[in-house]
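> Any chance you could fold what I've pasted below:
(chains A, B, C and D)
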There are 2 protein chains.
Amino acid sequence: MSSEALYVGCPVQHARQFLSGKWQIAIIWHLKTQPSRFVDLRNILPGISEKVLTQELRFFEESGIVQKEVFVCSPAKVEYRLTTQGLTLIPVIQHIIQWGYTNLQEEKAKRSMSSTPTSVIDELEAMQVPERNQE
Amino acid sequence: MSSEALYVGCPVQHARQFLSGKWQIAIIWHLKTQPSRFVDLRNILPGISEKVLTQELRFFEESGIVQKEVFVCSPAKVEYRLTTQGLTLIPVIQHIIQWGYTNLQEEKAKRSMSSTPTSVIDELEAMQVPERNQE
DNA sequence: TAAGGTAATTACCTTTAGGTAAGCACATTG
DNA sequence: CAATGTGCTTACCTAAAGGTAATTACCTTA
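Down below sits the predicted model:
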C-alpha cells in the first residue's frame, strides 16, 4: 500500500488525519472554549509530550484548522485559536465525545450488575434481540 | 504513560478505540447498510488485510458493537451486523464522513484557484479575518 | 482426487506514532 | 550573574498498528 493512494479523495481517510491522533481531539476541543497558549495546552492535557503538541499544532496550522498568533512581548506569548474552518470540526467532535460519554456510562452500568457478570447480561441482551442466533 | 490509565473514564479515549483505527470507520459504515460476510468486507475495503479485518471484527464483537452470526451450511457463511449499540455509532460516523467530504471539496476548490497558489488565497483569507496578526 | 471457496490463524517484518530527555534562544526577575 | 519561564527543536528509543504471505480446516464441485 503506497500510504498516499488511499488518502487522496477518501473522506474517511481525510477526516482521520485530524481526528485519529491520540491528542488531536483533545487539543481541538480545548481550543473550542478559548484561545490557548502552548503551556496552557501542555498543562491541560495529562501526559502529552511537547514534541507531539508542537507537531500537532504545526499540522493543524498548515491545514488551516488552527491559527497561531505570536505576541512579541516578554515573556514570550503565543496563542493558538481555531480558524473558521477549525470550528466546523466542533460539532463532529461534540458527537464523538457525547458518544464516548454515553457509552462509558452504559459500560459502567453493565459492570455494576455483576452478580453473575456475563451470563445475566447476556440473557438480558438476548431478550432485547428478537432474532435468534443459529450458531 | 501506563497505556491504560488515560483510557479509563475518558470519553475521548474511549471513543477513539472504535474510531481511530485505519479501517474501523469504513467497516462500521459498510455494516450500516447491510449485514455482511467476511469476504464482502474484504472485497469492499480496498487494501485491508485479512489479519486486520479479523482483528477489528473480533474487537467489535467483544465490545458489543457487532454481532456475528455463523450459518452452519456450506460453503461456510458468517454474517456480521451492527448491534443496537453499534447503530448508535452511525450518526457519529455520518458527521465524520460528512466533514471529510465537505473539507475535501473545499481543499480541491482552493487548489484549483492556483494562479498564484498561496499568496492569492492567503489574501482572501486575510480579508475574511477581521483581527490582524501582530507577528 | 484435485481445485476452489470461505473464514480464519500465525509468524515475521516494516512503518508510524508517540514518549524521553536534553538543549536552545530569548527575556525577566531576584 | 544565576535562575526561571516560554516555546520550541532534536536525537534516540519503544510500542503499537498494520502489511505479507504461508498455512489450516472444512466443504463442494468438476
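
> I'd like to know how far A:I48 sits from A:W29.
Distance of A:I48 to A:W29, given as Cβ to Cβ, to the nearest Å: 13 Å. Quick note: C-beta positions are derived from backbone N, CA and C, even for glycine.

> Next: A:F18.
Taken as Cβ to Cβ, the span from A:F18 to A:W29 is 12 Å.

> for A:L82, same thing?
For A:L82 relative to A:W29 (Cβ to Cβ), the value is 10 Å.

> Can you tell me the element the closest residue to A:I44 other than its chain neighbours falls in?
Once flanking residues are discounted, A:I44 sits nearest to A:H30: 5.6 Å by Cβ to Cβ, 6 or more residues apart in numbering or on different chains. Element membership for A:H30, per DSSP states H and E: helix A:24-33.

> Measure how far that helix is from the centre of its chain, please.
Centre-to-centre, helix A:24-33 and its host chain are 8 Å apart (Cα atoms, centre = their mean, to the nearest Å).

> List the buried residues of it.
A:24-31 (16 or more other Cβ atoms under 10 Å in any protein chain shown).

> got those as CSV, with pLDDT columns?
Putting the buried residues of helix A:24-33 into CSV (pLDDT from 0 to 100) gives the following:
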residue, pLDDT
A:Q24, 98
A:I25, 98
A:A26, 97
A:I27, 98
A:I28, 98
A:W29, 97
A:H30, 96
A:L31, 97
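
> any idea which of those is closest to B:M113?
Within those, the smallest distance to B:M113 is 26.4 Å, found for A:I28 (Cβ to Cβ).

> what about the nearest residue to that closest one once chain neighbours are set aside, neighbour count?
Once flanking residues are discounted, A:I28 sits nearest to A:L89: 5.7 Å by Cβ to Cβ, 6+ apart. Neighbour count for A:L89, taken as other Cβ atoms under 10 Å in any protein chain shown: 26.

> Grab the longest helix from chain A for me.
Taking DSSP state H as the criterion, chain A has its longest helix at helix A:89-112.

> other SSEs contacting that helix?
helix A:11-19, helix A:24-33, helix B:11-19, helix B:89-112 (3 or more Cβ pairs under 8 Å, 6 or more residues apart in numbering or on different chains; DSSP states H and E).

> any bit of the helix holding A:H30 sitting next to DNA strand D?
No: judged by Cβ under 7 Å from any atom of the strand, helix A:24-33 and DNA strand D are separated, with a smallest distance of 12.8 Å.

> Pass me the low-pLDDT residue ranges in chain A, would you?
A:1-7, A:114-135 (pLDDT under 70).

> contacting residues around the strand or helix carrying A:V78?
Assigned by DSSP H and E, A:V78 belongs to strand A:77-82. In this structure, residues lying in contact with strand A:77-82 by Cβ atoms under 8 Å, 6 or more residues apart in numbering or on different chains are A:28, A:31-32, A:35-38, A:41, A:57, A:65-71, A:89-90.

> which of the residues you listed are buried?
For the contacts of strand A:77-82, a neighbour count by 16+ other Cβ under 10 Å gives the buried set as A:28, A:31, A:36, A:38, A:41, A:57, A:65-67, A:89.
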